[in-house]
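Asks: please find the sequence and the predicted model below.
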Amino acid sequence: MAVTVKIPTQLRSITAGDAEAFVEDVTTVGEVLDGFYERFEGLRKRIAEDGALRRFVNIYVGEDIRFLDALDTPVDDGAT
């Protein structure tokens, strides 16, 4: 399964300017982030603290994941 992640301008210095990035073989938001942490050095310290998202970081899968299952929120194949 593959998903597309839209990268906000503030984080593009970490993604070499990429506005979108793709990740495969994931089923939850947490797995997406784990893949991105491996791929983009420095991303974890910008968006997470003590294993949780920083309060100013918003991730949406249809709606804010804080109102869903947080990092366990499922992502569907082809999701953006």
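Replies: Sure thing, it's come through.
Asks: what ranges do the strands span in this structure?
Replies: 2-6, 20-24, 48-49, 52-53, 60-61, 63-64 (DSSP state E).
Asks: in CSV: those strands, plus distance to residue 37.
Replies: All C-beta spots, glycine's among them, are computed from the backbone N, C-alpha and C. Listed next are the strands of the chain as CSV, based on distance: least, CB to CB, whole Å:
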stretch, distance to residue 37
strand 2-6, 12
strand 20-24, 11
strand 48-49, 8
strand 52-53, 12
strand 60-61, 18
strand 63-64, 21
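Asks: span of stretch 3-16 from start to end?
Replies: With CA to CA, to the nearest Å as the measure, stretch 3-16 spans 19 Å from end to end.
Asks: buried residues, that stretch. List them.
Replies: Of all the residues in stretch 3-16, those buried under the rule 16 or more other CB atoms under 10 Å are 3, 5, 7, 11, 14-15.
Asks: please identify which pair of those lies farthest apart.
Replies: Farthest-apart pair in these is 3 and 14; separation 18.4 Å (CB to CB).
Asks: okay if I get the strands of the chain as CSV plus mean pLDDT and distance to residue 75?
Replies: Putting those into CSV (pLDDT from 0 to 100; distance: least, CB to CB, whole Å) gives the following:
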stretch, mean pLDDT, distance to residue 75
strand 2-6, 91, 5
strand 20-24, 92, 9
strand 48-49, 91, 18
strand 52-53, 90, 15
strand 60-61, 94, 6
strand 63-64, 93, 13
